Structures are given as structure tokens and as C-alpha cells.
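# one predicted model, sequence on top.
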Amino acid sequence: MTGEDNAAAALLSISGLTKRYGSTTVVDGLALDVAEGEFVSLLGPSGCGKTTTLQMIGGFVRPDGGRIRLGGRDLIATPTSKRGLGMVFQSYALFPHMTAAANVAYGLEVRRTPRGEIAGRVARALDLVGLSAYGDRYPRRMSGGQQQRVALARALVIEPRVLLLDEPLSNLDANLREEMQTELRRIQHRTGTTTVLVTHDQSEAMALSDRIVVMRGGRIEQADTPERVYGRPGNRFVAQFLGKTNLFAARIADGRVSLGDTGWQAPAGAPDGPVTLAVRPEKVRLSQTGLPGRVGERTFQGGRWLVEMDTAHGLVLMETPNYGPPPPREGETVRIGWQDGDLHLLFEGAPA
Amino acid sequence: MTRFLRRLDPAPLLLSLPAGLILGLFLLLPLLATALLSFRSYSLYTGIEPVLELGNYLEIFGDGYFLEIFLRTARIAALATLLTILIGAPEAIILMRMRAPWRGLFLLVALGPLLISVVSRTLGWALLLGSTGVVNTALMAAGLIAEPIRFMYTEWGVTVALAHVLLPFMIISVMTVLQRLDPQVENASHALGAGGVTTFRRVILPQLLPGIFAGSIIVFAMAASAFATPQIIGGRRLKVVATLIYDEYLFSLNWPLGAALALLLFAIVIVVAVGFNRLAESRFARMYG
Amino acid sequence: MSRRNGPWALIFHTLFVVFMLAPILVVCVIAFTPEGYLSMPTDGLSLRWFRALWNNPDFVSSFRVSLALGAASASAAAAVSIPAAIAITRCDFPGRGAFLALCMSPLMVPSIVLGVAFLRFFSQIGLSGTLVGLTLSHVILIVPYVLRTIMNSLGSLDAALNNASASLGAARWHTFRRITLPLILPGVASGWILAFITSFDEVTMTIFLAAPETTTLPVRLMLYIEDSIDPLVAAVSTVLIVMALAVMILIDRLFGLDRILTGAPDRDGKP
Amino acid sequence: MKSIAALMASAGLASLSALPALAETIYIAGNGGSQEALLKSEIFPAFTEATGTEIVYSAGNSAAVLARLLAQQDNQQTDIAMMNTGPMSQAIELGLCRDLDISEHEANIHDFAKFDSGKAVGFGVVGLGIAYNTEAFEENGWPVPTSWTALEDDTFKGKMVFQPLNNTNGLLALIKIAEIKGGGVDNMDPGFEAMEASIAENVLSFEPSSARLAEMYQNGEVDISVWSSTQVKVLAEKGFPITLSYPEEGAMIISNDVCAVTTEAMKPEAVEFINFLISPEIQEVLSRNLGFGPTNKLAELTEAEAEGVPYGPEAVDKLQNVDWDVVNREREAWDRRWVREIER
């Protein structure tokens, strides 16, 4: 019942949310608070329950248990149409028989907003997404990016208390996607709308969110700011799901972590036994004294190099900016190292 | 010339030859002959006379008898179309919302009758709704009606039986459109605050219209030229154009008049279908252009 | 449609199912009456009308005529439609649009108009009442159905397959026989079945063309009904209905009924 | 079936069966319903057994039979046509029938069954009156229809069938009504007027098929109609409470006739069959089963069998005939008027 106080402070408060299909539990006792104005991403592989969670918030799927509250009001008992949430669908779900402006106006008309007011608000919404000139276009005659913007304008014009985004950028090509990320961030900052985004794209989640909620198997693995989720992953799953990472099987004994001949002071209270060490590739550097390794494949990626190195502790990936001298050639033997602070301990068995 | 011929690929010509020949010889030619026949004159004792005159058409247009039958045919076809819309469109939506295995099962119920002979299906209606049919007997036994409800030989009887026979076409037509719809669109409408009724009226129905239009064209054309159902249910008391043509050809033997009636029926079906199509195109073109 | 059907929808649906099935079921039930007239069987079911049907040489021979006519016209229609479909989908030639329109035009002509047109035409060229004449008329009626299904399956073929075969040195005929034909065979088969059913059930046009010896089953039934409606016609109809059901199940197993009937390109409805 | 074969042998038809079996097929067009059923179940098998000739029968009412003959005129596929006198005389006039040799039976055939042209012969006569469901009439307390004018009584509204004009029953009834109203074959206006003014209002359906009409009686859809003695007899023998009233203004006669159709290859078997049909034995079979008045004087019926059957010249003379030459001349015009004014 400690969550009750937090829930009062949060705008959207979810607790114990559960959904089962037959014998599979898709969402398993999920609890999450979203503060006013916050941009939260639900991130995870497909089947992790993130979309189902969003659909339960939106009211398209009925939960089997738990509660969802919006500003203290019980949402589950409220029909979709009365929830007052804005939603952008993966397929945009624009009404094909209405122009862009009519699509945007729809939610206002349904709310019986006075006619005179509708026109102005629609114009402003279209302007916000940069589509002022496209109001009388039908969706079929618009590009994917434009349709995406119309969907966003349509969801925002009703001034929702929470904006739900269901993989909104997944149908766009790579360049457009980056452009839209910036755009989305800009619009969210301008309107200050509390937003919940569902995505399986980690870079999208990191670029947009105030907070990332990493999910797996219907549960939350970690929820924190992008920097912290990336920089201090709570477990191996999170470490591997967000970006690339090097994992080493190490042991803790007598208050020390040891990997081969190297050793570090173990955190206080860490139990003896096997432990996984994680270090991000970009933290790996060539060093005079570190771990010896033989250079394998080098991959040039424009802004950076990826270098594989064969070491006594397995394959190590090093990422180095395309700056200064090129990385060592294949077959060379070098030494690599990292700063102790860039190393994380993950306490759950040996790395796979 | 030779260069042109060399550049012309003979393959498509050869490939399309068999179908082209059969259809050209055995479809266009008989239809042209029928058109010609409609300008002939006829009497029982002289037979068909090789004249070219407008007599049959003048007779048809100048006689209230024919006008009445044409109007009745149009009325029945229009009502049957309306019935198929009222029943078929909602049912198509319901079918699409079903899950396996129900959807497959009821799809069989909805579309399967297409594979059953029209004669058998119409016979069913005659057995069901004749004055001693199942329905009338049950209603009378229950004391709900004193006299059997007239169904055979009535316009309503023909209309209902036709609607039953043609319903699958409407359902197919609407379902084809439904399959292309984005299911999220309905959710989007709800999310924007619209209730079930508003969503149906403003979002689902307008998107179904092209399907309903296409279905209506098919159903109307088939209902207007239907023969077996009006012949069985309507009998001779309630003639429609198709049964009239049948009578002219096989009983009165006035083939030229029958040919003129057939061509008029053909023309009406084409004009209505093309007209409807034009209307639909102009209405939906912007949406789906 | 992700939404579920509400109670009103289910009531409507139930009424719909009753509406669709009642006339069909009533035929099947009445066919089993032990009485000599039309009645719901009240005391026991009887096969007497099926025996009467089996012993009725007219219906039995009409059944044979219908089977032969359906098979012959469906095969002939497939034979002319395969090349036509290839020409239309794979070649660009002058008059292609007009040719397609010609092939599809029988759909636009009411059957009764076709019936009267063929009646006179066939009697003028000496084909009236013959099985050849009937087959020709049915081929014309069903070509659009067969052509459309074959064109659909050709359309879903990757045109690059042809180029691949050609690049491997195969002649056109060889490509057709080894690559195209095997791949469109399911389409041809479903078109054939659709055509067979259409031909088997055709009554409006055929009633003008059939001679006593070439009277098809639906025409025989229709003529019989014009004269009398008795349990025998219910028995005939029941046989037709059961056959249709068998074909339906067969089609559903082989191709998916909705796919054949709605022309949907894939079972899960993805375009 | 066996008995007929035996009868044939004794009736001097042995000569026929002695002919080499050609297994020829002849095509007959004639009425459907009970006549078709009897022909197919008894008479055709007997003929086939005796001669080896196969028979294909196609059913249709007289108008349809005539229509088929005309439609196939250039490529005639029917060898024998069975029609009522009206259409039959039209067929003869149109040259559809060829000369007929019935010398074998000619002496024994009643005069009323002979044609001046000699191209056709009657094989059974029936009377035309008003049929009604006796039970229904009793229950409702309706008066027995003793006059053709009963058809005008709106008591029977929706309970009556009047067969259409291309059916001989309907044609004769209309002529009779015209006569009663002061007209006749030369002036049909009174008939059409009565039809339009009152009778058509009462009519449930202008049903041309007598088999269908029989069902409508059994279903209770119809309780009164203009109908013939044979059709009433067939239905009554099934135990249905129906009887035929010969109205006081006089009942009409309908003769069922048969002719050999003009074909490219004239089959002798066709003539053989017609002679077979008018032989006394078959005439008796027809009378017993269908209530046809025999046209062969040698056909003998017991008193019970003769009940309701126009048997012998005296009985036939009581029935009223029409001038078919006039009727046929005017018929096309009447048909037109009928479909436009009455049956619409």
C-alpha cells in the first residue's frame, strides 16, 4: 500500500495489471506510475507485453486484474471513448474517407466542440505538425511521414491528458524515422503532453524518453532514465537488449571480484560465487597494460569502427570513433582495457 | 510492313485466339442476331417475317401492360437489393468480428448457398411459406393468424426469395471491403471519444459504402434478370420481365417480341450498372484514387 | 475488426442463420416424409421419395447429362482460358483491354438473354438441343469465372520466375510446362470447380436450350416444379444440397471456401 | 404391365411385335401430370416390349407442345404430338401434322374423335365444368356452383383458380362465359368484361398446370376452379373430396388428340404407336386410369368405371363443342388481350 501515496502524485498510475490469453500470461502484475508531462517508453522485444499494456491503458483490451488510474479516476471502468486519451496507432488508422483536416476535426466534432472553435484548433494542430498546406488531402494521397503527422495531430487536438503512441515510427524508413523522432520530441516539449510510447527500437526509446521501462515476459525489468538504463543496466537482459555489450564470467571470493589475474574490490554485501561482468564496447580502449587480444574482424561504420578481439575471456567487441589513427589491423596482437567505473556486475549466473 | 510484322509478337495473338474465337462466334454473333430479330415481325400463321421495323418496340412502349411488368421488375429488384443491404452489410461485419472456428463455420452458412441450385433454394421458400407451408401452419396452429399469409404469387414473396438467393453476393462484396479495412481505425474512433453508434455512422459505414455499392450493382442486375425464382414463386399471376420473355418465346412463340423484351432488359441492366458505377467512381475516387 | 459482437449482433446473427438455412433445411426434411404429399414428417422418416427418385429414369439421366455437361464445359473453358489469361497478364498487345472485356462480357449479359440468343442461333446452325450446343453455351457462360481465377493465380506469380527460367535457357513452352503451369494449377483447379458448379446449377439459359434427352437436372427440376411440387422435387433438391455441401467441404479443405468465393488472395485475408 | 402385353398379343398386334426389332426411338410431346405418369408407367413399356421401339416423352401443356413443334419446325425432333383439339387444329393448319393411317381402327372410332383432314385422331374426351372442394363448401356453407356465373361470386375471392387462355380449359370456359353474357366466339367482349370486372378479382393464380392445380386443392389454397372431368377423377380417386359440377348452362367438351408430326425422316413407328393408343384395350386403360371417354367403340367400361366418364356418343353429345376454326383464327388476338387485360 506504499504505492498509494506515489499514485496520488502520478498522473497515470498502474498497479498489479495482469492479462492472460488462455494459459499464457502476457502482462504479469505490472506496476508503473507516470508523472504529469513525463515521456515514458515501454521497451522490449516482441511478445513482452508492452503493446498489450498500452492497449489496456487505451481500453482496447480488458485486463484480467489490477488497476489503471488517471488522475485518481479508475480507467478500467471507463469506456474507451470516455477515457480522454490520445492514441497514435502503428498503422496510423486514419479514416480513409476523410481529408486530413476532417480526420483531425473528428475528435472535436464527437466532443460537440463549437464549429467555429474546431476550425481554429484543427488549423493549429496541423500547423504544429507542419501540415498546414495539406488539410484537404485524403490519406491515400499522403506519404507515410505525412500520415504519421496527421495521426499525431488528430490525437493531440483533443488535448488528451495522456498521449499513447503504439510503435508510431516503425512503418517509416530509417531517415524519416530519425527526422520524426526529433519532431516528436519537439512537439511533446511544446505541448507538454504526458506520453507513453511503445517501441522495440532502443535508440528510439533513448532518443525520446524521460524514462525507459524495459519489459520482458510481461514484467518490468528496469525503469529509469535512458542514461541510467544504458549506463547501469540492472541485469544481463537489459544490458544486452539496450545496445551491444561485452560480458565476462567472473567470480567473487573474499570480497574481491576476479577475472583471470585481474581483480577488483567487490561491492559491499556482494555474495560469493559466480558473477557476470559487463562493459560497453565504446568503453573498451587500447591500453598498454590490459588484457591481451588478437584482432579479428574490423567493421567500418562511417562514424566509428567496430573491432572484434579474441581474448582469453572470449570475444571482446571494441567500438572506437573514426578519429585519429585507424584501429589495429587484423591479426595484430594488442592489449585492451577499460576504467573500473565502466564495469558493471550482474548477479545472475554465468553469461551465455 | 514486313518490319512491322516481324516486330509484332505472334504469341499473344495465338494465345488469345481460342477464347476470342469462341466468344466472338458464339456470343457476339447470337447477340447481334437477337438484336436483328427484335426488328422482325411475327404472326402465328406467317411466322417470322424478314422485315425491319420498330413494331415490337412501339408495342412495348405503347402498352401499359409491358410498362407495368417492367416497373414491377424494377420494384422487385430494388426492394430485393435493399433487403440484401439491410441484412448483408451488418452480417458481413458480424462475420468479420467472429473468431475461429465460428467465422469459418458461419461463412459456410452465409456463402455456401451459392453452391446450391437456385431452383432448390427457391423451392425451399415455396415449401416454407406456401399457404400450407411450415410457417403458415405453425402460425395458424399457434393461433396467431386466422388466415394463411399470402406469400406465393406476391411481390413480397418473390422479393424475399430473391433476397435470400442473392444475399451471398452482397456479403462477399461487403466483406471484400472489410478485409481491406484497418481494424485500428475503429479503435482510433473510440479513442477520439466516439461511441459505438457514432463510430459506425461516421467511420465504418462510409468505408463500407464502396462495397455496398458494388454489391448493389451485382444484386440489382441479377434480381432484375432473375428467372427461376419469380417463375416458381410468382407463377403466371406475377410476371416479371424474364418470365414474360420466357412466355413469349416458349408459349406465344412471338420470338421477335421476346427478343425486343430481352434486349430492353439487357439495356436496362447495363444502364443501371454503368450508371451506378459512374456514381460510385465519382463519389469514392478521391478516397481511393 | 477487433471488437467483439454484442448481444444485439448475436441476435441478428441468429436470425440471419435461420433465414439462410430455413428454406434449405425444410427441403431436406420434407424429402424424408413418408406421406404422398408435402408434409413435415411427423411419424417417422421414410426413404420412399429417394427410392422413387432412384427409379425415375428422367432424373437419373438428367443427372448424368448435368455431370457430363459440367465436366465438359469446365474443361473446355479452362483450356481456352489458360492461354487467354497468360496473354492478358503477361503480354502487352494492341486490343488487350478489348479482349479482356470480351472475355468478361458474359458476366454482364443476363442469362435469359443468352438463352434466347442461343435458342435461335443454335437452331439456325443445327446445334439446337445437342450436347455440343449446350456445352458451347455453358463454356461462354463460365469463361469469365475460370479466366478470373487463373488470372488471379498468374498475378500472384513472380514474373521474374519466367525471366529466371528463360535465363537458364528454357524455351517459352518449356517454361510454361515446367514453371508456370505447375504453379497456377491450384488456381486452374479452383476455377474448374467453380465453373463446374456454375454449369451444373445453370437453369435460366439452359431451359431454352435443352431437348428432352439433353435436359439437365436443374432444368428437369424446374420443369417438374412448374407442373407439380411434391416430395419428389424435395428429394431431388436434397440430393443437390448434399452434393453442394460435399463440394463445399472439399473446396474448403483444398483452397479455403472464403478464398474461392470472395476472391481473397490469401487465407488470412492479407492482400 | 404384363397384362397389357398379353392383351396386345390377343388383339392382333402380334404382327407388330413380329417386325424386326429396329430399336428405333420415337419422341412424343404431350401433357404432363397423370397422363404422363400413366403413359410412362404402363403404356410405353407395353409398346416397347411389343415392338422394341423406345419412347422418349417430353411433357408440357398443349400450348407448350405446339410451341415446341413450331420452334423446331426446321429441325423437327418430335415424332408424335398429343394436344387438345384447339392447338391440334392449329398444328394441322400450320402443316405440322402429316397424313395419318388409322385404317386398322377407323371403322370403330366415334365420329366426334375424327378430323376432317384425317391428320389427327382423338384418343380420349373429357368434360369441362366447375370443380370444387365438397368438404370446404360444406364447412363454409357455400352454395354448390350450378352456374358458370358462380365464378363471379366474391365469396370465392382468393380461393379460385382460372386456367389461363393458352390452356384449353381456360379458353373454353371464357368462351362459355362470353356466350352466357350474350356473346360467343364471334364476340368475346362480354367474356373479357366479366373476367375483368369480377372473375379475375377472385383468382388466386392463373395456373396453367393442372398438376399444380391439383396440389393447390390438396394444400387448401384453392377450393374452386374450372376443370376437366379427368383431372377431377384422378384427384377424387386419391380420396380427395372434390367433384365436378356440370353447370346448367351446359358443360364443354375437350378432346385429347394425337397426330404424327411432319418430320424429315417419317418413322412408321409413330403411326404404329398412334394405332396402339386408339386400340380398344389401351382405350380402356386410359378410361380406367384417367377417366378419358373412349373414342374407340369397342372399348368397354363397367358401370362403376364409367362413373363420371363421358362414355359413348350419347354422353358426349350432351357436352358442348366450339367451332375450332373460328376459335383458332381469333385466338392470337384473344391471347394478346388476355395477357394484357386479365393476367397482368
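Here it is on my side, so go on.
# dump the residue contacts of residue 69.
Assuming you mean chain A. In this structure, residue A:69 makes contact with A:7, A:12-14, A:75, judged by C-beta atoms under 8 Å, 6 or more residues apart in numbering or on different chains. For glycine as for every other residue, the C-beta is placed from the backbone atoms N, C-alpha and C.
# that's the other chain; I wanted chain D
Here residue D:69 is in contact with D:29, D:76, D:78, D:81, D:91, D:96, D:261 (C-beta under 8 Å, 6+ apart).
# ok, now residue D:235?
Counting by C-beta under 8 Å, 6+ apart, residue D:235 makes contact with D:214, D:217-218, D:242.
# can I get the contacts of residue D:69 in TSV with distance to chain C?
Converted to TSV, the contacts of residue D:69 look like this (distance: C-beta to the nearest C-beta, whole Å):
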residue	distance to chain C
D:29	8
D:76	11
D:78	9
D:81	13
D:91	18
D:96	16
D:261	14
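# circling back: so which of the contacts of residue D:235 reach chain C?
Restricting the contacts of residue D:235 to those adjacent to chain C (criterion: C-beta under 8 Å from any C-beta of the partner chain) gives D:214, D:218.
# name the secondary structure element that contains the residue sitting nearest the centre point of chain B.
Nearest residue to the geometric centre of chain B (C-alpha atoms, centre = their mean): residue B:222, 1.9 Å. If you go by DSSP states H and E, residue B:222 is part of helix B:205-224.
# tell me where the chain has helices.
You didn't say which chain, so I picked chain A. For chain A, the helices defined by DSSP state H occupy A:3-9, A:50-58, A:80-83, A:100-110, A:115-128, A:144-157, A:174-191, A:202-208, A:226-231, A:236-241.
# sorry, should have said chain C
C:7-30, C:48-54, C:57-90, C:96-104, C:111-124, C:131-155, C:160-167, C:172-175, C:181-201, C:206-209, C:217-227, C:231-254, C:257-262.
# ok, which of these comes nearest residue B:195?
With C-beta to C-beta as the criterion, residue B:195 lies closest to helix C:7-30 of the helices of chain C, at 14.4 Å.
# does any part of that closest one sit near chain D?
No. Using C-beta under 8 Å from any C-beta, helix C:7-30 never reaches chain D; the gap is at least 13.0 Å.
# how's the chain carved up into domains?
Just going to use chain A. A:3-240, A:244-346 (automatic domain parsing).
# that's the other chain; I wanted chain D
D:4-125+D:254-309, D:126-252+D:322-341.
# so which of those is nearest residue B:33?
Among the domains of chain D, the nearest to residue B:33 by C-beta to C-beta is domain D:4-125+D:254-309 (14.8 Å).
# how far out from the middle of the chain is that closest one?
12 Å (C-alpha atoms, centre = their mean, to the nearest Å).
# flag the shaky bits of the stretch 151-271 of chain C, pLDDT-wise.
C:257-271 (pLDDT under 70).
# let's see that with 90 instead.
Counting by pLDDT under 90, the ranges of the stretch 151-271 of chain C that qualify are C:152-187, C:190, C:194, C:210-213, C:223-231, C:244-271.
# smallest gap between it and chain B, at which residue?
Nearest to chain B, among the residues of the stretch 151-271 of chain C, is residue C:237, at 3.7 Å (C-beta to the nearest C-beta).
# for the closest residue to chain B within the stretch 51-200 of chain C, what are phi and psi?
In the stretch 51-200 of chain C, the residue that lies nearest chain B is residue C:110 (3.2 Å; C-beta to the nearest C-beta). Dihedral angles of residue C:110 (phi, psi; degrees, to the nearest 10) stand at phi -60, psi 140.
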